Structures are given as structure tokens and as C-alpha cells.
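>>> One predicted model, sequence on top.
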Amino acid sequence: MKDFNLLAILLKPEFSQMLLHGLKVTVLIALSSWLLAMTLAVLLLGVRMTPSRIAQRLVQGYISYHRNVPTLVQMMLWYFGLASLLPDDLQGWLSDHSAEAVFAVVSLGLCQAAYFSEDLRSGLRAVPPGQNEAARALGHSYVGALRFVLMPQAVRNAIPALVNHSVSLFKNSSLAMAIGAAELTHAVKQIESESFRAFESYLIATVVYLVISLVIMAVGAWLGKRAAVATARTR
């Protein structure tokens with residue numbers, strides 16, 4: 001049995017380079033997925049607030065699907081299933097431009113949008129009804145009232161839930177390893193297979209995921225305090 005030696009991995013240029021590249025891909029996947037998810041979440045919420053029952057049902061179906069089908073299954077469906085239906089030229093282009101990471105971003109973003117949308121809807125429901133009436137009385141349109149009056153308050157109310165699901169999104173980025181994306185977990189697995197130091201390899205991954213998750217939670221707590229102060233000033 002080998003002695004514990006973390007420096008045997010960290011000080012080896014080949015391994016350290018793999019770790020840095022994997023971390024970079026993980027951060028890019030997480031950030032891109034978050035931006036896609038938040039954009040879609042706002043759109044889904046806007047559609048759900050319209051008086052159209054058909055639109056509301058479609059959004060409800062979208063949310064139910066993504067909340068009840070495992071993220072890993074959705075990712076594999078996109079990469080192994082839906083990708084094969086694309087034109088050959090597009091498949092070739094994706095293969096030359098990190099298709100694994102692209103489909104990881106798409107699947108994670110679409111899935112997490114369902115959670116973010118529900119978080120924002122809960123935050124919006126906590127906004128007093130008089131706020132919408134006051135905004136419309138001041139001349140705001142439906143979109144204007146939503147953008148300038150209701151959504152800022154909804155986001156402040158939803159910060160705790162949004163932060164929790166942001167952490168979940170970051171952790172779920174490790175699922176991209178299943179489709180071959182060269183993110184952190186994939187890099188650690190490669191290092192483990194080459195160095196035969198399983199404990200040290202996965203300890204590094206554990207510490208990195210823990211630290212970044214704690215940073216996200218700390219930023220969320222800071223935003224929550226600022227939101228609380230802003231809310232107190234408006235009362």
C-alpha cells in the first residue's frame with residue numbers, strides 16, 4: 001500500500017495541468033449552464049404569468065419533466081440521442097468544438113431552468129399584489145411592471161432558494177464526465193488511473209468542490225443581507 005502523498009500529484013506538472021484544465025472546464029460549464037438556466041427561468045415565468053391556459057400548461061409540463069427525470073438521463077439523452085438527429089455538418093462542427101461540454105451546458109441549463117423558474121415564482125408570489133397595481137397605475141406595461149417593479153423584488157425574495165439550486169447546478173456539472181467532458185472529475189479519474197493514488201486524487205476533487213460550493217453560499221449570504229437591507233429601506 002502506498003503512503004499518503006498529496007504532493008506526488010500536485011507537484012507533477014502533467015497532473016497539475018490536467019487538474020487546472022479540468023477546473024477551467026468545470027467553471028465554464030457551470031457558469032454557462034447558470035446563465036442559460038436563469039434566462040430560460042425568467043422566460044418561463046413570464047409565459048406562466050400570461051392568461052393563456054395552454055401556455056401555462058406547457059410551462060407546467062416542462063417543469064414537471066425536468067424535475068422528475070434524473071439530470072444524468074437528460075444529459076445522456078441530449079448527447080447520445082438528440083445529437084444523432086442533427087445534420088452531419090452540425091455534428092462535425094460540434095465534434096470539433098467540445099461537443100461534450102456543449103451538450104452538458106444545454107442539458108444542465110434546461111434542467112436547472114425548471115428549478116430556477118419555480119424559485120422565482122415563489123419569490124414573485126411573496127410580492128404584495130399592490131405592487132403590480134401601483135406599477136400599472138404609474139403607466140408601466142405588463143412587461144415593464146414585471147421588469148422594473150416585480151422581478152427585482154421576486155429575485156430578492158428568492159435568493160436563498162436560488163443559491164441552493166446554484167450550488168446544486170455546480171455540483172451536477174460533475175455529471176458531464178459521463179458523456180466524456182474533460183471537467184474536473186474526469187481529470188481526477190484520469191490522474192487516479194495513471195498514478196494509482198485514488199485517495200489523494202479524489203481528496204483533491206472533494207476539497208475543490210467543497211471550497212467553490214462554500215464560496216457560492218458565502219456570496220449568496222452576502223447578497224441576502226444586502227437584499228434584506230434594501231427591502232427594509234423601501235418599507
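Good, I have the coordinates.
>>> C-alpha from now on. contacts and neighbour counts both.
Noted.
>>> Off-centre distance for stretch 17-27?
The chain centre lies 17 Å from the centre of stretch 17-27; the measure is Cα atoms, centre = their mean, to the nearest Å.
>>> In the helix or strand containing residue 8, which residues are buried?
Residue 8 belongs to helix 7-10 when assigned by DSSP states H and E. Using 16 or more other Cα atoms under 10 Å as the test for burial, helix 7-10 gives 9, 10.
>>> any chance you could map the helices in the protein?
For the chain, helices defined by DSSP state H occupy the ranges 7-10, 13-48, 53-68, 71-76, 88-96, 99-125, 129-137, 142-145, 151-172, 184-195, 198-234.
>>> most packed of those helices?
Neighbour counts (mean count of other Cα atoms under 10 Å) averaged over each of those peak at helix 99-125, with a mean of 23.
>>> That one to helix 88-96, inter-axis angle?
Interaxial angle of helix 99-125 relative to helix 88-96 (axes from the mean of the first three to the mean of the last three Cα atoms, to 10 degrees): 90 degrees.
>>> list the helices and strands helix 99-125 packs on?
Here helix 99-125 touches helix 13-48, helix 53-68, helix 71-76, helix 151-172, going by 3 or more Cα pairs under 8 Å, 6 or more residues apart in numbering; DSSP states H and E.
>>> Swap in 6 Å and give it another go.
Where contact means 3 or more Cα pairs under 6 Å, 6 or more residues apart in numbering; DSSP states H and E, helix 99-125 is packed against helix 13-48, helix 151-172.
>>> got those helices as JSON lines, with mean pLDDT columns?
Shown next, in JSON lines, are the helices and strands packed on helix 99-125 (pLDDT from 0 to 100):
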{"stretch": "helix 13-48", "mean pLDDT": "95"}
{"stretch": "helix 151-172", "mean pLDDT": "92"}
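>>> quick one, phi psi at residue 127?
Dihedral pair for residue 127: phi -80, psi 130, per degrees, to the nearest 10.
>>> my bad, should have said residue 181
Main-chain dihedrals, residue 181, degrees, to the nearest 10: phi -70, psi 140.
>>> Leaving out sequence neighbours, find the closest residue to it.
Distances taken as Cα to Cα, 6 or more residues apart in numbering put residue 100 closest to residue 181, at 4.9 Å, once the chain neighbours are dropped.
>>> what stretches of the protein score poorly on pLDDT?
Within the chain, the ranges that satisfy pLDDT under 70 run 1-2, 132-133, 136, 142, 229-235.
>>> try 90 this time
1-8, 11, 46-51, 82-88, 90-98, 124-157, 195-196, 223-235 (pLDDT under 90).
>>> Please work out which residues outside the helix holding residue 8 touch it.
15, 16 (Cα atoms under 6 Å, 6 or more residues apart in numbering).
>>> before we move on, what about stretch 99-119?
With Cα under 6 Å, 6+ apart as the criterion, stretch 99-119 contacts 29, 33, 36-37, 40-41, 45, 63, 66, 75, 79, 158, 176, 181.
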